[in-house]
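Asks: what would the 3D arrangement of this be:
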Amino acid sequence: MALAINVKGLTKSFDHKEVVSHIDLDVKSGEIFGFLGPNGSGKTTTIRMLCGLLKPDAGDGHCLGYNILTESLLIKMQVGYMTQRFSLYDELSIKENLDFIARIYKVPNRKKVVAECVENLGFSKQRQKQLAGTLSGGWKQRLALAAAMLHQPKLLLLDEPTAGVDPQARREFWNTIHDLSAQGITTLVSTHYMDEAERCHRVAYMAYGHLLATGTIDSVIENAGLYMWTVSGDNLQQLAAQLREQTGIEQVTPFGRQLHIIGHDPKELAAAIAPFKNNNHEWQIANPTLEDVFISYVAKAKDNFA
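Replies: Sure thing, here's the model as predicted:
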């Protein structure tokens, strides 16, 4: 399968601090690729380098077959970029925003394309005149995605597009992304939601500018090499404090009415929890979740700003 994104050694610094450090990234055409990591990990900077808004300090590669260093303008014309914050004009109406974007990209048959887009969004003729700034979060998200798709891009770069959006709107959004994938459109999407990450074909995890893991959900979890026990019962907060002091236990995290107790050595982990097994708690061996894995990665990652 052809690669929509293929970059090597991508690096960017601000004020002599390296915010993206020599990352290699491959994304297949038609793939939904999840880009995960804590705030400040370098995801947005990487996305902006991929679409030609920032020039890398080092590294090279191609996006949609175009060189990211010398053909950034050609990349921009083939990419739909949806930023973290709603970036359309609040004081323009829904239709006026879409018409403005269509003019920028010189979309053929602009009026027809905008009219079809507004209709597909489900806006009535009266509501098309509504100012974009008055829309709810879910509708703003749909409008922003429609604007990013007006010029029929081959690649979508979506930077935390569903932050602050309700679950129903998020589900509808992801159904749309999968429909676009079936049409051959590639999507790279950054997200903090683990349920969204699990809807991606593959994921990459960044922390402090470094790419720590790449692969399918199953392979990322397996390659982390974590072992986990869960415990439920009374006084879990007190138990968690005691467990965190034990050698062999690397992570104790509350999940609802359970604790997830994690380590890399199964024998050491079993020995550490043995003194705490009693009739007041129910212990079970379990499989780590994607969230468990990423918390583990963050704990081990080196903060290059410290």
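Asks: please enumerate the helices of the stretch 1-150 of the chain.
Replies: Under the criterion DSSP state H, counting those that start in this stretch, helices of the stretch 1-150 of the chain are mapped to 43-50, 72-78, 94-104, 110-121, 137-149.
Asks: who's in contact with the fourth one?
Replies: By that I understand helix 110-121. When contacts are defined by C-beta atoms under 8 Å, 6 or more residues apart in numbering, helix 110-121 is touched by residues 94-95, 98-99, 102-103, 107, 128, 142-143, 146, 149-150. Yep, even glycine has a C-beta here, placed from its N, CA and C like the rest.
Asks: next, format the residues you listed as TSV and append distance to Ile273 and pLDDT.
Replies: Shown next, in TSV, are those (distance: C-beta to C-beta, whole Å; pLDDT from 0 to 100):
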residue	distance to Ile273	pLDDT
Ile94	56	88
Lys95	61	88
Leu98	57	91
Asp99	62	92
Ala102	61	92
Arg103	63	92
Val107	61	90
Gln128	60	81
Arg142	47	83
Leu143	51	86
Ala146	52	86
Met149	51	87
Leu150	56	88
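Asks: could you single out the nearest of those to Ala274?
Replies: Among the contacts of helix 110-121, Arg142 lies closest to Ala274 (C-beta to C-beta), at 53.0 Å.
Asks: does Leu135 touch Ala146 like I think?
Replies: No. With contact defined as C-beta atoms under 8 Å, Leu135 does not reach Ala146; the gap is 11.9 Å.
Asks: quick one: residues contacting Met228.
Replies: So, once contact is read as C-beta under 8 Å, 6+ apart, Met228 ends up touching His260, Ile261, Ile262, Ile285, Ala286, Asn287, Pro288, Asp292.
Asks: how does it look with 6 Å?
Replies: Contacts of Met228 were listed using C-beta atoms under 6 Å, 6 or more residues apart in numbering, and they are His260, Ile262, Ala286, Pro288.
Asks: for it, what are phi and psi?
Replies: phi -140, psi 140 (degrees, to the nearest 10).
Asks: roughly how far apart are Pro38 and Ala301?
Replies: Taking C-beta to C-beta, to the nearest Å as the measure, Pro38 falls 9 Å from Ala301.
Asks: let me redo that: Ala213
Replies: For Ala213 relative to Ala301 (C-beta to C-beta), the value is 11 Å.
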